[in-house]
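**Student:** Provide a 3D model corresponding to the input given below.
(one chain, ligands or ions: 2)
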Amino acid sequence: MNIILLGPPGAGKGTQSAALVERHGMRQLSTGDMLREAVKEGTPVGLEAKAVMDRGELVSDDIVSRLVDENLAAMPAEQGAIFDGYPRTAGQADDLDRILAKNDRSLDHVIELEVDVEALVERITGRFSCAKCGALYHETANPPAKEGVCDVCHSTEFKRRPDDNEETVRTRMDEYRAKTAPILPGYEARGIVQRVDGMDAIEDVAKAIDAILKC
Ligand code: AP5
Ligand code: MG
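**Tutor:** Ligands and ions are numbered 1, 2, ... in the order given. Now for the predicted structure:
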């Protein structure tokens, strides 16, 4: 099973990917996470990407498609892949077709998380994650069960993303509208797009995705 989770910043792609990994042993391929890792490690890709990400703009197709290519090639053939935040441009959508074909895979579903854009700024500015294991939280919608302690690894250290401020979020949304939303019709023409109400509670969104995957 190979699926794309598509939706604007804060739609819940990372949250639902983590739930799919836990429930079904799929692997999350998040280009945002890969780029943040590269920035943290100070690799050449990270050095090139950092300023672009801080502005909320898109990193070049070449860089992100190469990251996806390398990560997919390293996966066992039988493990399902969740593409989170990729593809984001028409060029990346073409790259993904090529990368999947090379690995004898094909796309099963493109799941669009439909959200009310105005609610997203609040979601993103309330987001934080565990500094140790990366588990995602929200101040009001999804806080840890015990305040100040990660549910998953019990760490007490949390962090916020540098691009999670209102100004950068607006640029990220503009980029989504201008470059990412236009790739949907191509997938619609293939009959593989399914829509889920991303404004529902996290568990209900997860159930709706499971219903699409029939598992
Ligand atoms: P990336 O990391 O992909 O960020 P994004 O697309 O802007 O999406 P987010 O991670 O902000 O949101 P999400 O949909 O994962 O939401 P989440 O589950 O965290 O990309 C960052 C940057 O990297 C880009 O701007 C770009 O520069 C670069 N980049 C990455 N990929 C690229 C590519 N392919 N090409 C070029 N450049 C690329 O949820 C958000 C919050 O809401 C959380 O706090 C969560 O707890 C809460 N929440 C989730 N679901 C719900 C719900 N149903 N109800 C209430 N709260 C909820
Ligand atoms: Mg994310």
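**Student:** Enumerate every residue touching the residue in the chain that ligand 1 sits nearest to.
**Tutor:** Using CB to the nearest ligand atom, Gly32 is the residue of the chain that sits closest to ligand 1, at 1.9 Å. (Glycine included, C-beta is placed from N, CA and C.) Contacts here follow CB atoms under 8 Å, 6 or more residues apart in numbering; on that basis Gly32 touches 14, 84-85.
**Student:** Include neighbour count, pLDDT and secondary structure when you put the residues you listed into JSON lines, please.
**Tutor:** Output for those, formatted as JSON lines (neighbours: other CB atoms under 10 Å; pLDDT from 0 to 100; DSSP: H, G, I helix; E, B strand; the rest coil):
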{"residue": "Gly14", "neighbour count": "20", "pLDDT": "97", "secondary structure": "helix"}
{"residue": "Asp84", "neighbour count": "23", "pLDDT": "98", "secondary structure": "strand"}
{"residue": "Gly85", "neighbour count": "24", "pLDDT": "97", "secondary structure": "coil"}
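**Student:** So which of those would count as near ligand 1 as well?
**Tutor:** 14, 85 (CB under 6 Å from any ligand atom).
**Student:** Out of the contacts of Gly32, which is nearest to Asp62?
**Tutor:** Gly85 (16.4 Å; CB to CB).
**Student:** which residues touch the closest one?
**Tutor:** 5, 13-14, 30-32.
**Student:** Which secondary structure element is home to the residue of the chain closest to ligand 1?
**Tutor:** Here Gly32 sits within helix 31-41, counting by DSSP states H and E.
**Student:** Provide the partner residues of the residue nearest the centre of the chain in its beta bridges.
**Tutor:** The chain has Asp84 as the residue nearest its centroid, 3.1 Å off, counting by CA atoms, centre = their mean. Going by DSSP bridges, Asp84 is paired in beta bridges with Leu5, Ser30.
**Student:** quick one: contacts for it?
**Tutor:** 5, 13-14, 17, 28-33.
**Student:** Please apply the same query to Gly80.
**Tutor:** 1-3, 24-27.
**Student:** Could you check how far Ala18 is from Gly198?
**Tutor:** 15 Å (CB to CB, to the nearest Å).
**Student:** Could you do Met173 as well?
**Tutor:** From Met173 to Gly198 the distance is 14 Å (CB to CB).
**Student:** Which strands and helices lie in contact with the helix-or-strand element of the chain with minimal mean pLDDT?
**Tutor:** One helix or strand of the chain scores below all others by mean pLDDT, DSSP states H and E: helix 117-125, with a mean of 89. Helix 117-125 is packed against helix 166-175, with contacts defined by 3 or more CB pairs under 8 Å, 6 or more residues apart in numbering; DSSP states H and E.
**Student:** For ligand 1, tell me whether the helix it packs on is touching it.
**Tutor:** Yes - contact of helix 166-175 with ligand 1 (CB under 6 Å from any ligand atom) involves Arg172.
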